[in-house]
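**Q** Take a look and give me a structure for this.
(2 chains)
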Amino acid sequence: DMKVTQMPRYLIKRMGENVLLECGQDMSHETMYWYRQDPGLGLQLIYISYDVDSNSEGDIPKGYRVSRKKREHFSLILDSAKTNQTSVYFCASSSRLGVNYAEQFFGPGTRLTVL
Amino acid sequence: GDSVTQTEGLVTLTEGLPVMLNCTYQTIYSNPFLFWYVHYLNESPRLLLKSSTDNKRTEHQGFHATLHKSSSSFHLQKSSAQLSDSALYYCALSVEGSNAKLTFGKGTKLSVKS
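**A** Prediction:
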């Protein structure tokens, strides 16, 4: 069953707290992504990972870092969360086959609120 | 850099009327890959259709789009809107130098009413 999972689905944190969002996929995809979705701004790429320990900044990496120690897992970390990081975060994965034409498979999202 | 422009904001339609969501793109590359992703409420975004062939209609789940390189467009169309089509639609672009990254438009929210 091709699936991307995200944990937790909902999270409320206070400003200055650390946040860990986790993503898993069962398709052995090499490439994984973290996006945030905000009304009127669409999906913005935070980080992309091409495989284990091969991560690259996306369009809005400031305030975020990532970790990928296993191909099937990709974590997004917010050190000292800020209120403007309140958003819905989506993880996605894709195969390296047909790299620029490959479908991205998305997880269900994590709704993060930073108070 | 590359960019995608979509019909802005909210499109409200009555059930049964045709759907057309606009998407235009800008890139210096001559062989773009265009995608439409759909995001239904409380579900994951998913691929609706994609194309890299100029002037060829591609169809899926009643929707269709044609990549026109001459006008840098990839509009999404459907002949008759259904209530279940209400969702957020994203147009996205990839090119040879993208290295697996997509450039997304800001999304168009389609609301279909009875």
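**Q** Chain B against chain A: which residues are in contact?
**A** Listed as neighbours of chain A in chain B under the rule C-beta under 8 Å from any C-beta of the partner chain: B:9, B:33, B:37, B:43-47, B:50, B:52, B:90, B:94-96, B:98-102, B:104-107. For the C-beta atoms, the positions are set from N, CA and C on the backbone; glycine is no exception.
**Q** Quick one: buried ones out of those?
**A** Among the residues of chain B next to chain A, those buried by neighbour count (16 or more other C-beta atoms under 10 Å in any protein chain shown) are B:33, B:37, B:44-45, B:47, B:50, B:52, B:90, B:94-95, B:98, B:100-102, B:104-107.
**Q** mind checking the longest strand of chain A?
**A** strand A:42-51 (DSSP state E).
**Q** right, and the helix or strand after that strand?
**A** strand A:54-57 (DSSP states H and E).
**Q** For the nearest residue to residue A:9 once chain neighbours are set aside, which residues count as its bridge partners?
**A** Once flanking residues are discounted, residue A:9 sits nearest to residue A:110: 6.0 Å by C-beta to C-beta, 6 or more residues apart in numbering or on different chains. With DSSP bridges applied, residue A:110 shows beta-bridge pairing to residue A:89.
**Q** doesn't residue A:11 make contact with residue A:110?
**A** Yes. The criterion here is C-beta atoms under 8 Å, and residue A:110 meets it with residue A:11 at 6.3 Å.
**Q** got any residues that touch both of those two?
**A** Counting by C-beta atoms under 8 Å, 6 or more residues apart in numbering or on different chains, the contacts common to residue A:110 and residue A:11 are residue A:21.
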